[in-house]
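Asks: Can you look at this prediction? I've put the sequence above it.
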Amino acid sequence: MPKLSPQQLEVANLIVDVLNLEDVDANDIDPDAPLFRDGLGLDSIDALELSLALKQRYGIEVRSKNEENSRIFGSLAGLTDYIWRTRLDDKH
Amino acid sequence: MSRRWFQQRERGSPLLLQLILWIALHVGRPFARMLLYPISLYFFLAAAEQRNASRLYLQRVLERKPHAGQVLRHIHCFAATILDRVYLLSGHHRDYRIEINNVRALLDLADNHQHCLLLGAHIGSFEVLRALAIEERPFRLKILMYPEHNKTLTNLLISVNPEIAETVIPLGQVDTVIQVHESLANGEVVGMLGDRAASRDKTVDCELLGGTARFPVGPAVLAASLRVPVILFLGLYRGNKHYEIHFERLPDADFRDRGSRSEQIQQWMQHYAERLEVKVRDLPYNWFNFYDFWEES
């Protein structure tokens, strides 16, 4: 399994914390596996919890009907990319 | 396992629904109402699965074997509310007597600027409330539903009133609950129906009319995660042009104690099921789940 980048590990830890995934070790999350349904089996309610946590931690808002949502919530890698991209944009 | 509603074909052919719609809009309600008799009879004869489901349900609610006339009456009641949806959504709601029962449950929350979810069922016609919300605008109402189910009917209703397309929050998407959250934050009221479990839903067993049926946990879990009060709403059909919208505050959904969470969710849904039972015992022909609800066959 590919090793997580430091940013990916940070987001993986956030997911595990926020969603109380007691049986999941953040290091073991496959960055490219789907987070919802198949992979971690998260659902739409978890997506809300996660979006609230992103706002609190990073000041990033995930809006509904964003065409990127399937990618943002698609995998740990996609989510991490989105967070860091958005933070960079905000700094400019 | 029996065929659940999700696998069931849509009731009636698209052609038949289109015919009802055309008749409704062109020949007026009295004649359209007359046509409901042959239409109901056609359903009774052609749709064995629905006829059977009606029989099993009526046997439970009436506590005796129903005769054919009662099954026909049940189908006719359903057809009448479908026809009425067309009128209700095309600006004719003022022709109806719509009683609103216990609206305080809703207003008390609105007075405190509190968000809430409305939880209904396939009992009577929730279009009554939808029509009132669209036409009179006491509040903006969004409805959570699976977009792929009942597509024909939904598209027909959209052709009658395009605004209803804007009032749907599609279930089953990653951002469904984010949409609900945004809607509530914008001061909208979000409604959903809690009596049918889709094949992908998590369910709990609840007692209803002397049998055990599976109910989705979705409504309870959604209310708990959004931390909002839930109000039961039913648009009950009392015959001819008379509807009654019933509101009732349900217990707050708070399942923070992990150890007993699944029992608490079951109890919450059981309470909802009991409230439905009270209503269908009063108005038995308002039950519009024409499939094997108790999975008896």
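Replies: Cool, the structure landed. Predicted, not measured: the structure shown is a model, and the values here were computed from it.
Asks: Could you use CA atoms for every contact and neighbour count after this?
Replies: Noted.
Asks: Name the helix or strand for residue 56, please.
Replies: I'll assume chain A. helix A:44-58 (DSSP states H and E).
Asks: right idea, wrong chain: chain B
Replies: Per DSSP H and E: helix B:48-62 holds B:Leu56.
Asks: distance of B:Glu99 from B:His76?
Replies: For B:Glu99, the distance to B:His76 equals 22 Å [Cα to Cα, to the nearest Å].
Asks: Tell me which of these two has more neighbours.
Replies: B:His76 (22 against 14; other Cα atoms under 10 Å in any protein chain shown).
Asks: Could you measure from the residue nearest to B:Val189 when sequence neighbours are not counted over to chain A?
Replies: Among residues not flanking B:Val189 along the chain, B:Leu141 sits closest, at 4.9 Å (Cα to Cα, 6 or more residues apart in numbering or on different chains). From B:Leu141 over to chain A the distance is 17 Å, taken as Cα to the nearest Cα, to the nearest Å.
Asks: cool, B:Val221 as well?
Replies: In this view, B:Val221 and chain A are 8 Å apart by Cα to the nearest Cα.
Asks: Is that residue within a helix or a strand, and which one?
Replies: Going by DSSP H and E, B:Val221 is part of helix B:218-226.
Asks: Check A:Leu4 too.
Replies: Applying DSSP H and E, one finds A:Leu4 in no helix or strand.
Asks: need the residues of the stretch 151-297 of chain B near chain A, please.
Replies: By Cα under 8 Å from any Cα of the partner chain, the residues of the stretch 151-297 of chain B that approach chain A are B:Gly172, B:Gln173, B:Val174, B:Asp175, B:Thr176, B:Val177, B:Ile178, B:Gln179, B:His181, B:Glu182, B:Leu222, B:Ser225.
Asks: What is the nearest of the residues you listed to A:Val16?
Replies: B:Ser225 (17.1 Å; Cα to Cα).
Asks: who touches the lowest-mean-pLDDT helix or strand in chain B?
Replies: Lowest on mean pLDDT, DSSP states H and E among the helices and strands of chain B sits helix B:14-27, with a mean of 75. The contact list for helix B:14-27, computed with Cα atoms under 8 Å, 6 or more residues apart in numbering or on different chains, reads B:Ala32, B:Leu83, B:Val86, B:Tyr87, B:Thr152, B:Leu153, B:Leu156.
Asks: What are the buried residues along the helix holding A:Gln56?
Replies: By 16 or more other Cα atoms under 10 Å in any protein chain shown, the buried positions in helix A:44-58 come out as A:Ser44, A:Ile45, A:Asp46, A:Ala47, A:Leu48, A:Glu49, A:Leu50, A:Ser51, A:Leu52, A:Ala53, A:Leu54.
Asks: The residue of chain B most remote from its centre and chain A: what is the separation?
Replies: Relative to the centre of chain B, the most outlying C-alpha is that of B:Gly259, 32.4 Å out, by Cα atoms, centre = their mean. Going from B:Gly259 to chain A by Cα to the nearest Cα gives 14 Å.
Asks: show me the contacts for residue 58.
Replies: All of this refers to chain A. Per Cα under 8 Å, 6+ apart, neighbours of A:Tyr58: A:Ile83, A:Arg87.
Asks: sorry, should have said chain B
Replies: Applying Cα under 8 Å, 6+ apart, the residues contacting B:Leu58 are B:Arg64, B:Lys65, B:Pro66, B:Val71, B:Pro284.
Asks: after the helix or strand hosting the fourth one comes which helix or strand?
Replies: Read it as B:Val71. Here B:Val71 sits within helix B:68-89, counting by DSSP H and E. Going down the chain from helix B:68-89, the next helix or strand is strand B:97-101, by DSSP H and E.
Asks: For the least confident helix or strand of chain B, list the C-alpha coordinates in CSV.
Replies: Provided in CSV are the C-alpha atoms of helix B:14-27 (Å, rounded to 0.1, in the frame of the first residue of the first chain):
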residue,chain,number,x,y,z
PRO,B,14,-46.9,5.9,-17.9
LEU,B,15,-49.6,6.1,-20.6
LEU,B,16,-52.3,5.6,-17.9
LEU,B,17,-50.8,8.3,-15.7
GLN,B,18,-50.5,10.7,-18.7
LEU,B,19,-54.1,9.9,-19.5
ILE,B,20,-55.2,10.8,-15.9
LEU,B,21,-53.2,14.1,-16.2
TRP,B,22,-54.7,15.0,-19.6
ILE,B,23,-58.2,14.3,-18.4
ALA,B,24,-57.5,16.2,-15.2
LEU,B,25,-56.4,19.3,-16.9
HIS,B,26,-58.9,19.2,-19.9
VAL,B,27,-62.2,17.9,-18.7
